[in-house]
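**Q** Need a 3D model of the sequence below.
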Amino acid sequence: MEKKKRILLGMSGGVDSSVSAIILKKAGYEVIRMYDGIFRNRGK
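**A** Below you'll find the predicted structure:
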């Protein structure tokens with residue numbers, strides 16, 4: 001059994017990063033998603 005390659009993907013919650021996760025998963029990668037909301041409450 002071949003091990004899947006792992007990849008760490010920074011998620012913004014937008015369409016681009018979500019589609020990237022789907023493409024990588026379909027390509028056979030184990031996708032580890034990292035979400036960073038540091039800038040969400042900026043200026044409040």
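
**Q** got the contact list for the residue most central in space within the chain?
**A** Centroid check for the chain by C-alpha atoms, centre = their mean gives L9 as the closest residue, at 3.4 Å. L9 is in contact with S17, S20, A21, L24, V31, I32, R33, M34, counting by C-beta atoms under 8 Å, 6 or more residues apart in numbering. In short, each C-beta sits where N, CA and C put it, glycine included.

**Q** next one: A21
**A** Contacts for A21 (C-beta under 8 Å, 6+ apart) come out as L9, M11, V31, R33.

**Q** now for these, which pair is the farthest apart?
**A** Greatest spatial distance among those (C-beta to C-beta): M11 and V31, at 9.6 Å.

**Q** that older thread, quick one: the contacts of A21 as a markdown table, columns for secondary structure too.
**A** Output for the contacts of A21, formatted as a markdown table (DSSP: H, G, I helix; E, B strand; the rest coil):
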| residue | secondary structure |
| --- | --- |
| L9 | strand |
| M11 | strand |
| V31 | strand |
| R33 | strand |
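
**Q** So among those, which ones count as buried?
**A** L9, M11, V31 (16 or more other C-beta atoms under 10 Å).

**Q** Check those for the minimum pLDDT and say which it is.
**A** Within the buried ones among the contacts of A21, the minimum per-residue pLDDT falls on M11 (86).

**Q** okay if I get the buried ones among the contacts of A21 as TSV plus distance to K3?
**A** What follows is the buried ones among the contacts of A21, written out as TSV (distance: C-beta to C-beta, whole Å):
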residue	distance to K3
L9	18
M11	23
V31	14
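
**Q** where do the helices sit along this structure?
**A** 15-26 (DSSP state H).

**Q** Looking at the buried ones among the contacts of A21, which is nearest M1?
**A** V31 (18.9 Å).

**Q** That closest one pairs with what?
**A** I7 (DSSP bridges).

**Q** can you check the one 4 residues further on too?
**A** When bridges are assigned using DSSP bridges, the partners listed for Y35 are M11.

**Q** Check what pLDDT it gets.
**A** pLDDT recorded at Y35 is 84.

**Q** ditto for the one 3 residues further on
**A** For I38, the model assigns a pLDDT of 62.
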